[in-house]
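Chemist: Okay, sequence plus prediction incoming.
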Amino acid sequence: MRTCERPGRFPRTIAAQQSEGAAITTGVGAQDDPTAAWAFSETYLAEDVTLLRARERAAELGCATVSPGTGALLRVVAAALRARAVVEIGTGAGVAALWLLRGMAPDGVLTTIDPESEHQRAAKVAFAEEGVPVHRTRTIVRPPLDVLPRLSDGAYDLVLVATDPPAYADYVEAAVRLLRPGGVLVVVDALLGGRVADPDRRDETTTLVRRLAHAVRDDERLTPAIVPVGEGTLLAVRR
Ligand SMILES: C[S@@+](CC[C@H](N)C(=O)[O-])C[C@H]1O[C@@H](n2cnc3c(N)ncnc32)[C@H](O)[C@@H]1O
């Protein structure tokens, strides 16, 4: 029988490994360097001057941003969905927003929420430099939990959660309500750069994010996956 396995690289199928209770081997062999693979995926697409300037403003504000690889993934998801209605929780200086807007339908509207007016101002500068028509962004300077209940149920193609981890669970619940069937939830920092995968890391933030990953995995309303890009990116399709 022909198999799709490459000799010496995938010695057994994943199903066979699982049935034997063995550790799962992946496409990265022992001789390969996963750090180099990660670095390649993060630099696969170069960022242009508008994104780099948005990153500079974020650094000046001490505001974290999504990685270039995560940004590219966001653009792909937005483009695959032909997204016309997107919510971002945690605008920052607008780096993720720029990637999203580049993937969304030309008439798509990004609603982006952040309690910090300075961050929102920086994001607006980025949108202006990008030449984004003003009607394509709704920037809301408020605590997201005040705003999210006012947004329509089942009306959004994509919801991005990109804030501080302690608030994730509330935002994910709101996102599930906002998404249409087939819409996609994205949560950044879902592996906290690897801490979530380490069972010995039991600090409050790591435990919280690990619990969230398990809750999303077990939520029957969602079809999830975690992609090891950036600090780890959780994706889930609303059923
Ligand atoms: C990591 S930054 C967002 C980065 C942005 N999405 C990007 O990649 O360019 C997180 C943002 O969340 C905001 N934030 C912090 N705590 C928050 C909270 N509890 N709820 C909502 N936003 C919060 C901060 O003001 C900050 O701008």
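Modeler: That came in fine, so what should we check first?
Chemist: Surely Arg136 and Thr112 touch.
Modeler: No. Between Arg136 and Thr112 there is no contact, the gap being 10.8 Å when judged by C-beta atoms under 8 Å. Every C-beta, even on glycine, is put in place using the N, C-alpha and C of the backbone.
Chemist: Mutual contacts of those two, please.
Modeler: With C-beta atoms under 8 Å, 6 or more residues apart in numbering applied, the contact sets of Arg136 and Thr112 do not overlap.
Chemist: who's in contact with stretch 92-100?
Modeler: With contact meaning C-beta under 8 Å, 6+ apart, stretch 92-100 is reached by 50-51, 54-55, 57-58, 61, 63-66, 70-72, 74-75, 78, 83, 86, 88, 91, 110, 112, 114, 119, 122-127, 130, 137, 158, 160, 162, 188.
Chemist: same thing but 6 Å
Modeler: Residues outside stretch 92-100 that contact it (C-beta atoms under 6 Å, 6 or more residues apart in numbering) are 51, 54-55, 57-58, 63, 65-66, 71, 74-75, 78, 86, 88, 110, 112, 119, 122-123, 126, 130, 162.
Chemist: out of those residues, which are inside strands?
Modeler: In this view, the contacts of stretch 92-100 that belong to strands under DSSP state E are Val86, Glu88, Leu110, Thr112.
Chemist: The ligand next: which of these are close?
Modeler: Among the ones in strands among the contacts of stretch 92-100, not one lies near the ligand by C-beta under 6 Å from any ligand atom.
Chemist: And these, which is closest to the ligand?
Modeler: For the ones in strands among the contacts of stretch 92-100, the closest approach to the ligand (C-beta to the nearest ligand atom) belongs to Glu88, at 6.2 Å.
Chemist: what's near enough to touch that closest one?
Modeler: Ala97, Thr112, Leu160.
Chemist: Does the last one touch Val186 like I think?
Modeler: What it means is Leu160. Yes. Between Leu160 and Val186 there is a contact under C-beta atoms under 6 Å: 4.8 Å.
Chemist: quick one, which of these two is more surrounded?
Modeler: Higher neighbour count among Leu160 and Val186: Leu160, with 30 against 26, using other C-beta atoms under 10 Å.
Chemist: Cheers, nothing more for now.
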